[in-house]
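In: this one's structure only:
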């Protein structure tokens, strides 16, 4: 029996009553793009009109560019991303052997920068880090989400599920209240959706730019008037792990487009 | 169309900033007041003062502040923007009495602990409530009474 890491105990304490929600039946799972207007779906489907492709192109440039004390580029170690990065995003977050903790795709890219390239870490939500993450995730487009079965991740996934079903904020709502129990509904004009992480990083018309899955979750937390978790925190990565598990088998769409 | 559709969460989020400035003046009106529940109703107006139906009608449409129309439809609302997470409030004044409506806004979870409707005038709050919202009800007593005064007029 593996003992949960220290941070997880804190996460677990946050949780109130056990969850009533049992997720969404496999046959009913739908990506966020299924809920969109046909024009927005068309925008995502066509690479020449999908604004997220601008970040993919920028990321492709950064992939080839040397950085840091080593002067190495991503390509210098990994070669062509179309081969080496195919399927990678479909299995992240993954266990980082060195720390024994899960790391998400963005965290792994930053780790390569600091440890291997000898460059400074990029800030989460910075254009460069979003571009690199979008470019890498795009190499898995069309592939099924395949969370690793590594038992070292189980405690974190369980913590993520706990957070997903914990009522938060002044409005006292859990993610599951909306995304498991009310995904067919509309919150004012917006489809609630099932909160699958299929399209991230993705382009939101409302943001006028590409943003991460963590930015999306942050918005929902601010919406219920809760203090959002810090970018890159164990809590957000635990939520990412749970969302990927919940969406196992669904296809990666990066870069998605959302209203 | 698209702009409008994108805005649901913006409404929730902006409410923080918008009310933060107004808050200093309203602080006095935002304290929790005591009330007595009898059966499924709060028969007496909060703080002993009845509200104004016209102010209630305006407030219920303020989705940044009352949030009601994020979830509920209203008889006069524009259809594409209405929430569908809750029953329509059309005819609610015919179905429920004044005191019943008051309790449902003040603390729906007293009647249905699993409800998604926020308790608007209670100490209930979820984990990690943001500092700006801690220790205060979603709406003050006077605001609740304006809403009650409006909703009782929705007879059909």
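Out: Received the coordinates, thanks. What you see is a predicted model; the values in this text were computed from it and never measured. Residues are numbered from 1 along each chain as shown, chains lettered A, B, ... in the order given.
In: can you count the residues close to residue A:221?
Out: For residue A:221, the count of nearby residues is 20 (other CB atoms under 10 Å in any protein chain shown). Glycine gets a C-beta too; all of them are placed from N, C-alpha and C.
In: which ones are touching it?
Out: Contacts for residue A:221 (CB atoms under 8 Å, 6 or more residues apart in numbering or on different chains) come out as A:168-169, A:227-229, B:128.
In: which one of those sits closest to residue A:188?
Out: For those, the minimum distance to residue A:188 (CB to CB) is 17.6 Å, reached by residue A:169.
In: Which residues are in contact with that closest one?
Out: Neighbouring residues of residue A:169 by CB under 8 Å, 6+ apart: A:221, A:223-226, B:125-130, B:133.
In: The nearest residue to residue A:63 once chain neighbours are set aside and residue A:117, how far apart?
Out: Leaving aside its chain neighbours, residue A:63 sits nearest to residue A:74 (4.6 Å; criterion: CB to CB, 6 or more residues apart in numbering or on different chains). With distances taken as CB to CB, to the nearest Å, residue A:74 is found 8 Å from residue A:117.
In: Counting neighbours, go ahead and name the busier of the two.
Out: residue A:74 (25 against 19).
In: For the residue nearest to residue A:63, what are phi and psi?
Out: Dihedral angles phi and psi of residue A:74 (degrees, to the nearest 10) take the values phi -60, psi -40.
In: so who does it touch?
Out: In this structure, residue A:74 makes contact with A:62-64, A:81, A:112, A:132, judged by CB under 8 Å, 6+ apart.
In: and the residue nearest the centre of chain B, what element?
Out: Among the residues of chain B, the one closest to the centroid is residue B:66, at 4.8 Å (CA atoms, centre = their mean). Taking DSSP states H and E as the criterion, residue B:66 maps to no regular element, lying outside all helices and strands.
In: right, and it touches residue B:57 too?
Out: No: contact between residue B:66 and residue B:57 fails when scored by CB atoms under 8 Å: they sit 10.8 Å apart.
In: ok, residue A:77 - contacts?
Out: Applying CB under 8 Å, 6+ apart, one finds that residue A:77 lies in contact with A:112, A:116.
In: how near is it to chain B?
Out: For residue A:77, the distance to chain B (CB to the nearest CB, to the nearest Å) stands at 39 Å.
In: can I assume that residue sits in a strand?
Out: No: assignment of residue A:77 by DSSP: H, G, I helix; E, B strand; the rest coil gives helix, placing it outside any strand.
In: And the pLDDT for it?
Out: The confidence metric pLDDT takes the value 95 at residue A:77.
In: try residue B:61
Out: The confidence metric pLDDT takes the value 88 at residue B:61.
In: again with residue A:189
Out: Residue-level confidence at residue A:189 comes out at 87, pLDDT.
In: Check residue A:20 too.
Out: Looking at residue A:20, its pLDDT is 38.
In: any weak-confidence spans in chain A?
Out: Regions of chain A meeting the criterion pLDDT under 70 cover residues A:1-22.
In: Once you drop chain neighbours, what's closest to the residue positioned nearest the centre of it?
Out: With the centre of chain A defined as its mean C-alpha position, the nearest residue by CA atoms, centre = their mean is residue A:213, 3.9 Å away. Once flanking residues are discounted, residue A:213 sits nearest to residue A:200: 4.1 Å by CB to CB, 6+ apart.
In: try residue A:133
Out: Of all residues beyond its chain neighbours, the one nearest residue A:133 is residue A:106 (4.9 Å), with distances taken as CB to CB, 6+ apart.
In: After the helix or strand hosting the one you found, which helix or strand is next? Please name it.
Out: For residue A:106, the element it lies in under DSSP H and E is helix A:105-111. Scanning the chain past helix A:105-111 towards its C-terminal end, the next helix or strand to appear is helix A:127-138 (assignment: DSSP H and E).
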